[in-house]
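In: Structure for this input, please:
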Amino acid sequence: MSLNKVYPFSALNNRCPRCREGKIFKSNKAYAKGNLEMHENCPVCGQPTEIEVGFYYGTGYVSYALTVALTVATFVAWKVLIGMTFDIDDNRIFYWLGTNIVILIALQPLVMRLSRSLWLSWFVKYEKDWKSKPVEQPERINKDQAANW
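Out: This is a model prediction of the structure:
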C-alpha cells in the first residue's frame, strides 16, 4: 500500500483528501515564493480545494494548535536534555525562548501548509471509488469557480 493512500500521510504530504493522489499546492517547495498557492481543483480527481468563500480562515486555529504543540515539545526536550530552573540566576529559560522563536519562524511555512492540508482533510472525506463517482458541487463556492462547473 502506498503511503499516499494512508490518511495521515496524505495530509502530511499535502495530497488531496478525496483521492489521496493529487497535489493540492502548486509548488512542492515550502520555502519558495508562492508556497501557499493552491490548485483550484485537485489535478487528479477534480475536488475543489476552496469549498466556500473564506474557507481557510479556520486554518489560523490549526496553525496555532500546531505552534503550541511544537512549543511544548521544545520546552520538554530542553528541560530533559539541558535542564532549567526558575531561579533568578538561571538564564537557560531565556535561551530556550530564543531557540524556540527561531525554530517557530523557520518552520512557519511548513506549519501553514500543513494546517491548510489538515483543514481541507477534515471537511473532504476520502472516496475509495473516486474514479466512478463525480465530485459533488459545494453549496457555496466562489463565483470564479462557479464558471468552471
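
In: C-alpha only now, for contacts and for neighbours.
Out: OK.

In: The residue sitting nearest the centre point of the chain: what secondary structure?
Out: Per Cα atoms, centre = their mean, the C-alpha nearest to the average position across the chain is that of residue 114, at 1.6 Å. Of the three states, residue 114 takes helix under DSSP: H, G, I helix; E, B strand; the rest coil.

In: In this structure it contacts residue 15, no?
Out: No. Contact between residue 114 and residue 15 fails when scored by Cα atoms under 8 Å: they sit 10.4 Å apart.

In: circling back to that earlier point, quick one: contacts for the residue nearest to the centre of the chain?
Out: Residues in contact with residue 114 (Cα atoms under 8 Å, 6 or more residues apart in numbering) are 11, 12, 14.

In: Counting neighbours, which of those end up buried?
Out: Buried by 16 or more other Cα atoms under 10 Å: 11, 14, out of the contacts of residue 114.

In: Tell me which of the contacts of residue 114 fall in helices.
Out: Counting by DSSP state H, the part of the contacts of residue 114 found in helices is 11, 12.
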